[in-house]
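Peer 1: Take this sequence and fold it.
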Amino acid sequence: MKKNVLKIGELAARSGLTVRALHHYDSIGLLTPSARADSGYRLYNSADVARLHRIQALRKFGMSLSDIATFLASPDAPFADIVAQQITALDQQIKQASTLREQLNRLQQQMSGDGDPALEDWLGTLEHMKLYEQYFTPDELRRLPFWQQDARRNAKWRAMTATLKSLMERGAPPDSAEASALAQRWMETLEQDTGANLEFAMRMTNMLQQQKDAGTDSPIDAKVQQYIYLGEAFTARKMRIYANYLTEEEMQQLRATSTRPSIDSTALYLNIQRQMENGVSPEDPASQALAREWQQLIRSRIGDSPDLQARIDLAHDSEPELLKGTWVSQATVDYIRKAVAACGPV
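Peer 2: The predicted structure follows:
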């Protein structure tokens, strides 16, 4: 047998694949051995091995076998780019090793002063670090206060967590005054620790939801999310403030709609905020389109009552606390009002 051809078992051993996998590649026409031995056995030549290398490279980039077949069938397939991408992947592995070292240093700082952490504490913290890194770039993490370990901040979170655990163990309802006050502190602290960046907050919300949908552990316990993050205790505090300005009938309507998912409104806030930060005038057509979306959202929440809207606006003007912990600034609210006013009558 020639030295430049391989039997299927030899290729499997050299490539790290199984014979079964190579048979599968052959059966779907992805990699068919081109050479033959005198005995009739099919053999893999150098061109076949080169094609297998391309297949393995593309698999590492997440491509399906059918997509790989389509890609390789193209006469203009940029195979040189595949090698370049593999080099990039190796560079990324080196970078990840460096990042892991930083994580361990950060973990060491986080655990200092609290005695020897249990194994699950170490592993849990590392898993959560890895999770956050899936949603934030290294530069973004450096800009997030919560990512930078600080003894005073950690102590504050531990104290709030202990209070929350006590409330939940005692069965304190989310709408109790004590729970609502904690929720307000919790959300304001979280707003500060995300740099008051609405996009970062939205990304964290998506992260928690995806972890929940996947049935995997989340940095925030599901019960805590329901008690505070999903708005039960936090919303209850807001409702008590609104009650000073609205009728009981209006409050019933507001309470009913306040439990609806707020992802759409958060995304709309974010788009409006970007318009404002980019210096786009409230009278600009793009701003007007966002303002009309905003009006539709408000009508879906409170109906089409100018008087009710005026009283809600009065509540926000009189009670700055309503915006605390929401990642929405007064400047954004003012911008929305100007854009809505510029739209004229609906």
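
Peer 1: Does the closest residue in space to Glu232 that isn't next to it in sequence belong to a helix, a strand or coil?
Peer 2: Counting by Cβ to Cβ, 6 or more residues apart in numbering, Glu232 lies nearest to Pro174, which is 3.6 Å off, once chain neighbours are set aside. All C-beta spots, glycine's among them, are computed from the backbone N, C-alpha and C. Following DSSP: H, G, I helix; E, B strand; the rest coil, Pro174 is assigned to coil.

Peer 1: Pro174 contacts Val224, correct?
Peer 2: No - the pair Pro174 / Val224 is not scored as a contact, 11.1 Å apart, by Cβ atoms under 8 Å.

Peer 1: Between the two, which has more neighbouring residues?
Peer 2: Set side by side, Pro174 and Val224 show more neighbours around Pro174, with 21 against 17, by other Cβ atoms under 10 Å.

Peer 1: that older thread, which residues sit in contact with the residue nearest to Glu232?
Peer 2: Taking Cβ atoms under 8 Å, 6 or more residues apart in numbering as the criterion, Pro174 is in contact with 180, 183, 227-228, 232-233, 236.

Peer 1: need the contact list for Leu30.
Peer 2: Leu30 is in contact with 55, 65, 68-69, 72, counting by Cβ under 8 Å, 6+ apart.

Peer 1: so what's Ala342 closest to, chain neighbours aside?
Peer 2: Using Cβ to Cβ, 6+ apart, the closest residue to Ala342 is Glu283 (4.7 Å).

Peer 1: Same check on Glu321?
Peer 2: Leaving aside its sequence neighbours, Glu321 sits nearest to Ile241 (Cβ to Cβ, 6+ apart; 6.6 Å).

Peer 1: helix/strand/coil for that neighbour?
Peer 2: Classification of Ile241 by three-state DSSP places it in helix.

Peer 1: Quick one: residues contacting it.
Peer 2: 315, 319, 321-322.

Peer 1: redo that, cut-off 10 Å
Peer 2: 315-316, 318-319, 321-322 (Cβ atoms under 10 Å, 6 or more residues apart in numbering).

Peer 1: Turn those residues into TSV, including neighbour count.
Peer 2: Shown next, in TSV, are the contacts of Ile241 (neighbours: other Cβ atoms under 10 Å):
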residue	neighbour count
Ala315	17
His316	18
Ser318	12
Glu319	15
Glu321	13
Leu322	18
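
Peer 1: Pick out whichever of the residues you listed sits closest to Ala35.
Peer 2: Leu322 (75.7 Å; Cβ to Cβ).

Peer 1: Tell me the backbone dihedrals of the closest one, please.
Peer 2: phi -60, psi -30 (degrees, to the nearest 10).

Peer 1: Might one say that it is in contact with Ile312?
Peer 2: Yes - counting by Cβ atoms under 10 Å, Ile312 is a contact partner of Leu322 at 9.3 Å.

Peer 1: Check the contact lists of those two and give me the overlap.
Peer 2: Counting by Cβ under 10 Å, 6+ apart, the residues touching both Leu322 and Ile312 are Tyr242.

Peer 1: quick revisit: is the residue nearest to Ala342 in a helix, a strand, or coil?
Peer 2: Judged by three-state DSSP, the three-state class of Glu283 is coil.

Peer 1: same question, the one 4 residues further on
Peer 2: Of the three states, Ser287 takes helix under three-state DSSP.

Peer 1: And His23, by the same measure?
Peer 2: What three-state DSSP gives for His23 is helix.

Peer 1: Who are the contact partners of it?
Peer 2: His23 neighbours (Cβ under 10 Å, 6+ apart): 8, 12.

Peer 1: try Ala177
Peer 2: Contact analysis of Ala177 by Cβ under 10 Å, 6+ apart lists 236-237, 240.

Peer 1: Of the residues you listed, grab the buried ones for ChimeraX.
Peer 2: Burial among those is assessed by 16 or more other Cβ atoms under 10 Å; the matching ChimeraX selection reads:
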select :236,237
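
Peer 1: residue boundaries of the strands in the stretch 1-150 of the chain?
Peer 2: For the stretch 1-150 of the chain, the strands defined by DSSP state E, counting those that start in this stretch cover 35-36, 42-43.

Peer 1: Out of the contacts of Ala177, which is nearest to Asp38?
Peer 2: Among these, Ala236 lies closest to Asp38 (Cβ to Cβ), at 83.4 Å.

Peer 1: Go ahead and confirm the closest one touches Ser176.
Peer 2: Yes - Ala236 lies in contact with Ser176 (Cβ under 10 Å); the separation is 7.9 Å.

Peer 1: Run the chain-centre distance for stretch 269-285.
Peer 2: Distance, stretch centre to chain centre, for stretch 269-285: 24 Å (Cα atoms, centre = their mean, to the nearest Å).

Peer 1: per-residue pLDDT, the residue lying farthest from the centre of the chain?
Peer 2: Distance from the C-alpha centroid of the chain, by Cα atoms, centre = their mean, peaks at Asp38 (58.4 Å). Per-residue pLDDT puts Asp38 at 78.

Peer 1: can you tell me how far it sits from Val5?
Peer 2: Distance, Asp38 to Val5, by Cβ to Cβ, to the nearest Å: 12 Å.

Peer 1: hey, what's in contact with both of these two?
Peer 2: When contacts are counted by Cβ under 10 Å, 6+ apart, the set common to Asp38 and Val5 is empty.
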